[in-house]
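Novice: this one's sequence-less:
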């Protein structure tokens, strides 16, 4: 059980607060690396052209400068970018990834250097096979460089909120007449339960008719147990409308609704 | 309990923005030191944001606010609970004359192990060449080393033209980058619990031992030392120190005699690894310059006595530097 793979790193602060960092998987990391690889190639190409001008004076010196430039860009890009952008390179930015300390502490320069230098081993025998394998096997999706540097790569997904105005169609919500029960409902419904109701509404048209009726009946029954509205608020409304009203209460403030 | 979430967020967001601004400043300027009152305010904002997060987390409707607050609390947590020294303003001279040799001495046992492994490899390579001269072909990776040493000496000493003319700088930069890559790889292989690092050092020892015995048995000892010493006395210790860094990493992974968790052990040695590998890179830059511009020129261009003398001088300076520079006892006595 100790080695079970996790996709979220949860850190509990001494103040008793928990926050979680979603760990990036090998695929997104590989894509970020591919972007960075292209950036390095482009930078080296530019460098080649720029230093080629020195060749007019001395071809030997131009070759030397190109060799050193290529080496510095290849090794220094990851280190420089991650240090300056708090754990991000261009590829990681695009993929919304970030290098973080495994304990949630401040990322140190030495950690960035170590994880980048160990790319030499992670990249073996080609296209990061060792690193990818380590990432797949490691509990926290760490490649060898992350392991040695005490780092993880986290992923901050973009939250796509559905268009609630369109979803809820601006219909009259009888629950709004009972603000004290609305408050109770908001207090008692967990974020996960609210998401279930919201997702059911978003996907309502993809359900079979019978399954749709059953699903909304189940969800509405559950919410009815949590906070009971008076009969005048619930009379003659379907289970689906009940869930719609509930989502409206949970996700939209009064001011934005009116 | 939050009655009106929107009002709550509107009221609290100014504290979150203030905390974010402090965090931005701290992250952009690692050397920044907050005053006591600023620290108190920072801590207050952190606790306030933490409390807000605890409240918001139970609320169903604000995923973006929760994620924003989580990131804010995570960043503040990293700043407040970090016990390692903050990165100071870079002081290259202090680093070179104090940190680097001190770090080398701190992990001297790892260096001795590397030296022993390389010497054993060297003995093996030398023995192999003496026992079976044909094994040179398999042992020596470079074609110019596979021929008869006396032929090479005759060719190079009798060369009318500078064979490195118009390519000294590029040859030098090739040596620097190639050797630095080898050094980084040697360090990196420490992740294999040091086995890869030791294999790498043994292999380098085998090559070195084979070359040395090959030239000595061909009575070309003076040429050998004149050719190898000027850059080798820096390059070989540099590779050994890369191996030392690899073994330091391996030691932290294995954790012999250290009853602390793996993460703590790795945390302890992170700075030392970086110091060692940066020091190694500097040594290899010097070795690359010497090898291209000095080592490749033999008598009659440069007398062997000068080349060997220069190599010995470098070795003495290197040993003195590594043993004495930044020595706290000497510094205390001087005070």
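Specialist: Cool, the structure landed. These numbers were taken from a predicted model, which means no experiment stands behind them. Numbering: from 1, shown residues only, chains lettered A, B, ... in the order given.
Novice: enumerate every residue touching residue A:113.
Specialist: Residue A:113 is in contact with A:79, A:149, B:273, B:274, B:277, counting by C-beta atoms under 8 Å, 6 or more residues apart in numbering or on different chains. No exception for glycine: its C-beta is placed from N, CA and C like everyone else's.
Novice: tell me the secondary structure for residue A:127?
Specialist: coil (DSSP: H, G, I helix; E, B strand; the rest coil).
Novice: next, it: phi, psi?
Specialist: phi 30, psi 50 (degrees, to the nearest 10).
Novice: measure it to residue A:34 for me?
Specialist: Residue A:127 is 9 Å from residue A:34, where distance means C-beta to C-beta, to the nearest Å.
Novice: before we move on, which element is the residue in the stretch 101-250 of chain A that chain B sits nearest to in?
Specialist: Taking C-beta to the nearest C-beta, chain B has its nearest neighbour within the stretch 101-250 of chain A at residue A:194, 3.2 Å off. Element membership for residue A:194 (DSSP states H and E) is helix A:191-202.
Novice: for the contacts of residue A:113, give me a markdown table that also has secondary structure.
Specialist: Listed next are the contacts of residue A:113 as a markdown table, based on three-state DSSP:
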| residue | secondary structure |
| --- | --- |
| A:79 | helix |
| A:149 | helix |
| B:273 | helix |
| B:274 | helix |
| B:277 | helix |
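Novice: domain map for the chain?
Specialist: Answering for chain A, as no chain was given. A:8-155, A:164-257 (automatic domain parsing).
Novice: please refer instead to chain B.
Specialist: B:5-81, B:92-334.
Novice: looking at those, which is nearest to residue A:134?
Specialist: Nearest of the domains of chain B to residue A:134, taken as C-beta to C-beta: domain B:92-334 at 9.2 Å.
Novice: is any part of that closest one close to chain A?
Specialist: Yes: Domain B:92-334 lies within reach of chain A by C-beta under 8 Å from any C-beta of the partner chain, at B:166-170, B:172-174, B:176-177, B:180-181, B:184-185, B:187-192, B:196, B:249, B:253, B:263, B:266-267, B:270-271, B:273-274, B:277.
Novice: got any ranges where chain B has weak pLDDT?
Specialist: The model of chain B has pLDDT under 70 over residues B:1-6, B:30, B:58-63, B:83-89, B:335.
Novice: residue 114: how many residues sit nearby?
Specialist: Since you didn't name a chain, this refers to chain A. 30 (other C-beta atoms under 10 Å in any protein chain shown).
Novice: was after chain B, sorry
Specialist: Counted with other C-beta under 10 Å, residue B:114 comes out at 28.
Novice: go ahead and confirm it touches residue B:247.
Specialist: Yes: counting by C-beta atoms under 8 Å, residue B:114 does reach residue B:247; the two are 6.5 Å apart.
Novice: how much space between the spatially closest residue to residue B:124 that is not a sequence neighbour and residue B:141?
Specialist: Excluding the flanking residues, the one nearest residue B:124 by C-beta to C-beta, 6 or more residues apart in numbering or on different chains is residue B:206, at 5.6 Å. For residue B:206, the distance to residue B:141 equals 10 Å [C-beta to C-beta].
Novice: so for the two, which residue has more residues nearby?
Specialist: Using other C-beta under 10 Å as the criterion, residue B:206 and residue B:141 rank with residue B:206 on top: 23 against 9.
Novice: packing partners of the host helix or strand of the more buried one?
Specialist: In this structure, residue B:206 sits in helix B:195-217 according to DSSP H and E. The helices and strands touching helix B:195-217, judged by 3 or more C-beta pairs under 8 Å, 6 or more residues apart in numbering or on different chains; DSSP states H and E, are helix B:108-131, helix B:136-139, helix B:168-188, helix B:221-254.
Novice: list of residues touching the second one?
Specialist: Outside of helix B:136-139, the residues within contact range by C-beta under 8 Å, 6+ apart are B:125, B:128, B:129, B:145, B:146, B:206, B:207, B:210, B:214.
Novice: now do 10 Å
Specialist: B:124-125, B:128-129, B:132, B:143, B:145-149, B:203, B:206-207, B:209-211, B:213-214 (C-beta atoms under 10 Å, 6 or more residues apart in numbering or on different chains).
Novice: list the buried residues of it.
Specialist: B:136, B:139 (16 or more other C-beta atoms under 10 Å in any protein chain shown).
Novice: surely residue A:104 and residue A:150 touch.
Specialist: No: taking contacts as C-beta atoms under 10 Å, residue A:104 lies outside contact range of residue A:150: 11.2 Å.
Novice: one step back: and the residue nearest to residue B:124, how far is that from residue A:241?
Specialist: 81 Å.
Novice: check residue B:287 too.
Specialist: 79 Å.
Novice: who's more crowded, those two?
Specialist: For residue B:287 versus residue A:241, neighbours defined as other C-beta under 10 Å are more numerous around residue B:287 (26 against 16).
Novice: right, and the more buried one touches residue B:228 too?
Specialist: No: applying C-beta under 10 Å, one finds residue B:287 not in contact with residue B:228, separated by 11.1 Å.
Novice: now the common contact residues for those two.
Specialist: Counting by C-beta under 10 Å, 6+ apart, the residues touching both residue B:287 and residue B:228 are B:235, B:236, B:295.
Novice: neighbours around the first one, how many?
Specialist: If you count neighbours by other C-beta under 10 Å, residue B:235 ends up with 24.
Novice: about what we covered before: residues in contact with the residue nearest to residue B:124?
Specialist: Per C-beta under 10 Å, 6+ apart, neighbours of residue B:206: B:118, B:120-129, B:139-140.
Novice: farthest-apart pair in the residues you listed, please.
Specialist: Once C-beta to C-beta is applied, the contacts of residue B:206 give B:120 and B:140 as the farthest pair, at 18.4 Å.
Novice: the more surrounded of these two?
Specialist: Using other C-beta under 10 Å as the criterion, residue B:120 and residue B:140 rank with residue B:140 on top: 19 against 16.
Novice: do I have it right that that one meets residue B:214?
Specialist: Yes: between residue B:140 and residue B:214 there is a contact under C-beta under 10 Å: 7.8 Å.
Novice: ok, now how distant is residue B:267 from residue A:110?
Specialist: 9 Å.
Novice: give me the more crowded residue out of the two.
Specialist: Using other C-beta under 10 Å as the criterion, residue B:267 and residue A:110 rank with residue B:267 on top: 23 against 20.
Novice: so what does the more buried one look like in phi/psi?
Specialist: Here is the backbone geometry of residue B:267 (degrees, to the nearest 10): phi -60, psi -40.
Novice: cool, residue B:326 as well?
Specialist: phi 70, psi 20.
Novice: quick revisit: which of the residues of domain B:92-334 next to chain A are buried, as a ChimeraX select command?
Specialist: Those of the residues of domain B:92-334 next to chain A that count as buried under 16+ other C-beta under 10 Å are selected in ChimeraX with:
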select /B:167,168,169,170,172,173,174,176,177,180,184,185,187,188,189,190,191,192,196,249,253,266,267,270,271,273,274,277
